[in-house]
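Student: could you look at this predicted model? Sequence included:
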Amino acid sequence: MARMTDERSGASREPMAAAVDSLMPQLTAELVRLSRIPSISEAGFPPEPMHEAHLVVSELLRDAGVNVSQLDLPNTYPIVTGEIPAPPGAPTVLLYGHYDVVPPGDESKWLSPPFEPTERDGALFGRGTSDSKANVLAHVGALRAHGGKPPVGIKVVIEGQEEVGSAFNTYPPLDADRFRCDAMVIADMGSVRPGVPTLTVALRGTAVVTVEVRTLAGPKHSGQYGGAAPDALIALLHGLATLHDVKGDVTVEGLRRDAWTGASYDEREFRALAEIMPGLPLFGTGTLGERLWSGPAITVTGLDALPVDKAVNAVVPQARARINLRVHPEQNAAEAQNALVRHLRGLRPFGIALDVTPGAIGNGFAASTSGPAYDAARAALSSAWGGETVSVATGGSIPLVNALHEAVPQAEILLLGATDGFSNIHAPNERVLLDEFRKTVIAEAEIFREYAERWGGRRAAAAGR
């Protein structure tokens, strides 16, 4: 059978694997180069590596055929932008990634230096290799696989402060035309486990609440006053204990929880990933997907009281806790936060009112998965990995996804990448599997082609009606 050819790029109509395989030595070397740069966006770290990473990313994209430009916002590292114009009648795809990384943490726990990328056992170890510099290089590789002339239009947005947040988190709706597109590839995710093609279709929202108890003007001797004087810490702990039932399920009324129908971890995988001590039970009931992604979670992330090593024999006069609430992807975060505030304000442990203060919120995200971009992505990922594409969610929030969705509400948003669930991101010995990296490049290159075809097919069908 004759081989068909993409008229714009000259790429074979057969799968992109051969083209990508020829690119992999160069892409891997470039990933090593980029990962050597300690581009830590957290305050207190030097800015020079951030600017170096920005320049390298700009260079790589320019080499891949992108007309590169730059977006500067107040108190924000420069954002790499750019485009490749769409062929007549073709859709436009926005590619997102970030070049900043988190600090390495305790370097004694790394088997190799965090900013000296080291290959072993089919993986490249180093801070940022997986989160998310491999995903930036996946964009570059997918464009190169089409000779810099993909069958879709391209817009590129690679930021430098995803890990810490910046003015960019809320900027897209203010400049919607810059981000106008038909689909987005948010490359900051990956396979639920290595070897399983995965699309992330939902993100839980988040809300913060602070609760405080004040009962005495100052600490009082526990021998003289304990037993009658109201202890602020005990009152606070009794209040916090009402947030879960005896099985660990959240008890706050008004928080949405639904069954999860996509893929998930099994319990053995989850125990290993969470590093749960042997013999301990998990919190809650229902499937892991329901507990992690399509239901609420409440965590006490901070507690103010006298530290144990400074303890004195006194009734505690004041105690405070910070609560983090993770919210169903489709529930408004403010609504969920109000439910938690209402619950806490309605308590009277020992007759003592709790002082409750709402904090920051961030809405979740649930993708519409029935359009041509999702059809293209499922086909492309299944082809690249050689298996059925599954859908998962994540409990983490990506504020920019909501901002982009608000700016371009009609665009389909695909969350994918080389960052598999066992990559150790934000932890010692972060790594990207080179096979997952390769398959991500193949899949993204295939998405461009599949999406262009499906887009054209729908237009032709609509014109024929």
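Tutor: Thanks, I have it. Keep in mind it's a predicted model, so treat the numbers as computed, not measured. Numbers count the residues shown, from 1 in each chain.

Student: make it CA atoms for all contacts and neighbour counts henceforth
Tutor: Fine.

Student: ok, residue 135 - contacts?
Tutor: Neighbouring residues of residue 135 by CA atoms under 8 Å, 6 or more residues apart in numbering: 97, 187, 188, 417, 418, 419, 437, 440.

Student: ok, so of the residues you listed, who is nearest residue 165?
Tutor: Proximity of the contacts of residue 135 to residue 165 was ranked by CA to CA; the top entry is residue 97 with 13.6 Å.

Student: pretty sure that closest one is in a strand, no?
Tutor: Yes - applying DSSP: H, G, I helix; E, B strand; the rest coil, one finds residue 97 inside a strand.

Student: since we're on it, how many residues are nearby?
Tutor: 26 (other CA atoms under 10 Å).

Student: next one: residue 238
Tutor: Look at residue 238: counted by other CA under 10 Å, it has 14 neighbours.

Student: residue 374 too?
Tutor: 20.

Student: buried sites along the helix or strand bottoming out on mean pLDDT in the chain?
Tutor: Between all helices and strands in the chain, the lowest mean by mean pLDDT, DSSP states H and E belongs to helix 434-464, at a mean of 88. Residues 434, 436-455 are the ones in helix 434-464 that count as buried (16 or more other CA atoms under 10 Å).

Student: how about stretch 352-368?
Tutor: Within stretch 352-368, judged by 16+ other CA under 10 Å, the buried ones are 352, 353, 354, 356, 358, 361, 362, 363, 364, 365, 366, 367.

Student: domain assignment for this protein?
Tutor: For the chain, automatic domain parsing gives the domain ranges 17-203+365-464, 205-257+295-362.

Student: now do the shortest one: distance from first to last residue.
Tutor: Spelled out, that is domain 205-257+295-362. Its first and final residues considered, domain 205-257+295-362 spans 5 Å by CA to CA, to the nearest Å.

Student: quick check: mean pLDDT across it?
Tutor: Domain 205-257+295-362 carries an average pLDDT of 97.

Student: what about that domain, distance to the chain center?
Tutor: Centre-to-centre, domain 205-257+295-362 and its host chain are 28 Å apart (CA atoms, centre = their mean, to the nearest Å).

Student: what of the first one?
Tutor: The chain centroid and the centroid of domain 17-203+365-464 are separated by 11 Å, computed with CA atoms, centre = their mean.

Student: chain neighbours aside, what residue packs nearest to residue 181?
Tutor: residue 92 (5.0 Å; CA to CA, 6 or more residues apart in numbering).

Student: same check on residue 303?
Tutor: Closest residue to residue 303 apart from its sequence neighbours, by CA to CA, 6+ apart: residue 321 at 4.4 Å.

Student: now that neighbour: which helix or strand?
Tutor: strand 318-327 (DSSP states H and E).

Student: give me the contacts around that strand.
Tutor: Residues from elsewhere that reach strand 318-327 (CA under 8 Å, 6+ apart): 204-216, 232-233, 236, 255-256, 295-305, 333, 336-337, 363-364, 395.

Student: buried stuff in it?
Tutor: For strand 318-327, by 16+ other CA under 10 Å, it's 318, 319, 320, 321, 322, 323, 324, 325, 326, 327.

Student: beta partners of the fifth one?
Tutor: Read it as residue 322. residue 210, residue 302 (DSSP bridges).

Student: and the gap between it and residue 258?
Tutor: Using CA to CA, residue 322 is found at 26 Å from residue 258.

Student: repeat that for the third one.
Tutor: Distance of residue 320 to residue 258, computed by CA to CA: 32 Å.

Student: kindly report the same for the first one.
Tutor: Relative to residue 258, residue 318 is positioned 38 Å away (CA to CA).

Student: again with the second one
Tutor: Between residue 319 and residue 258 the distance, using CA to CA, works out to 34 Å.

Student: roughly how far apart are residue 53 and residue 101?
Tutor: 11 Å.

Student: shared neighbours, the two?
Tutor: Contacts common to residue 53 and residue 101, judged by CA under 8 Å, 6+ apart, are residue 39.

Student: looking at those two now, which is surrounded by more residues?
Tutor: When residue 53 and residue 101 are compared for neighbours, residue 101 comes out ahead with 28 against 22, by other CA under 10 Å.

Student: wait, that one sits on residue 164?
Tutor: No - using CA atoms under 8 Å, residue 101 is not in contact with residue 164, being 9.3 Å away.

Student: can you name the next helix or strand after the helix or strand that contains residue 268?
Tutor: Using DSSP H and E, the element containing residue 268 is helix 267-274. Using DSSP H and E, the next helix or strand after helix 267-274 towards the C-terminus is helix 288-292.
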